[in-house]
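Peer 1: Build me a model from this:
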Amino acid sequence: YVLNFDWRPKGFAMYSGRIEKYKNIHRLAHIVRILRQRGYDLELRIYGKGPYKDELLKIVKRLDVPFTLEEFQPFEKYVETLASATLFGLLSEKESYPQSINEANAVGTPAVAAKPWGENFAERTRTLIVDLEEGDESIAEKVARLLEEAPRQPKPRVPTWGEVTDKYVAIYAAT
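Peer 2: Predicted coordinates for the structure are as follows:
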């Protein structure tokens, strides 16, 4: 289903998933703010729920970033929205192989993910892996370059689930 969509950006950065502090959605909001200051016409769309929601709302409002925060969406609407996102951001410290990055890659939406887990996607086009030790200004600069380069890059190749499990079995077998 996801492979039937193509990236058609409409001016927003997107996050979808549990709203937890370790997901660093607040940092994505800071990055969107910095990009807006640099002339990017972006808003932030967040889909999900979780215990960090109220704190996140306070931060995003304080940053004065245009945003939408809604509950999880039906899969079809989620994929349609994902294909319209200018950027998908997952700066989580604890995601080992997030499906959301695969879905963003499958539709061709540029994606940013955090080390160390994001390195699973490092060889894919339209995908930026960042070190959370870097400041948001530095990450925003890299995201800006990604957004400039992405339209000229091919859609990333997303492996099948069988290919992914084979890779992980090999990793665990080697340890």
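Peer 1: now Lys167: how far from Ala173?
Peer 2: Noted for Lys167: a distance of 11 Å to Ala173, by Cβ to Cβ, to the nearest Å. Every C-beta, even on glycine, is put in place using the N, C-alpha and C of the backbone.
Peer 1: let me fix that: Val130
Peer 2: Val130 is 30 Å from Ala173, by Cβ to Cβ.
Peer 1: Likewise for Arg145?
Peer 2: Taking Cβ to Cβ, one finds Arg145 at 37 Å from Ala173.
Peer 1: any idea of the mean pLDDT in the helix or strand where Lys61 lies?
Peer 2: Counting by DSSP states H and E, the element that carries Lys61 is helix 53-63. The average pLDDT for helix 53-63 rounds to 97.
Peer 1: sec struct for Met14, please.
Peer 2: strand (DSSP: H, G, I helix; E, B strand; the rest coil).
Peer 1: Compare Val130 and Ala173 (neighbour count), which wins?
Peer 2: Neighbour count, other Cβ atoms under 10 Å: between Val130 and Ala173, Val130 has more, with 22 against 7.
Peer 1: Assign a three-state SS to the nearest residue to that one once chain neighbours are set aside, would you?
Peer 2: Nearest non-adjacent residue to Val130, counting by Cβ to Cβ, 6 or more residues apart in numbering: Ile139, 5.0 Å away. Here Ile139 is recorded as helix under three-state DSSP.
Peer 1: What about Ile139, how many residues nearby?
Peer 2: Neighbours around Ile139, by other Cβ under 10 Å: 23.
Peer 1: Ok, the one 4 residues further on next?
Peer 2: Applying other Cβ under 10 Å, we find 26 residues neighbouring Val143.
Peer 1: Would you agree it is in contact with Leu128?
Peer 2: Yes: with contact defined as Cβ atoms under 8 Å, Val143 counts as touching Leu128 (6.4 Å).
Peer 1: tell me, what's touching the two both at once?
Peer 2: Val112 (Cβ atoms under 8 Å, 6 or more residues apart in numbering).
Peer 1: was I right about Lys10 contacting Thr86?
Peer 2: Yes: shown here, Lys10 and Thr86 form a contact pair, counting by Cβ under 8 Å, at 7.1 Å.
Peer 1: ranges for the helices of the protein?
Peer 2: Remark: helices assigned in the chain by DSSP state H are 25-37, 53-63, 75-84, 99-107, 136-149, 161-174.
Peer 1: got those helices as JSON lines, with distance to Leu90 columns?
Peer 2: Putting the helices of the chain into JSON lines (distance: least, Cβ to Cβ, whole Å) gives the following:
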{"stretch": "helix 25-37", "distance to Leu90": "8"}
{"stretch": "helix 53-63", "distance to Leu90": "15"}
{"stretch": "helix 75-84", "distance to Leu90": "12"}
{"stretch": "helix 99-107", "distance to Leu90": "6"}
{"stretch": "helix 136-149", "distance to Leu90": "13"}
{"stretch": "helix 161-174", "distance to Leu90": "17"}
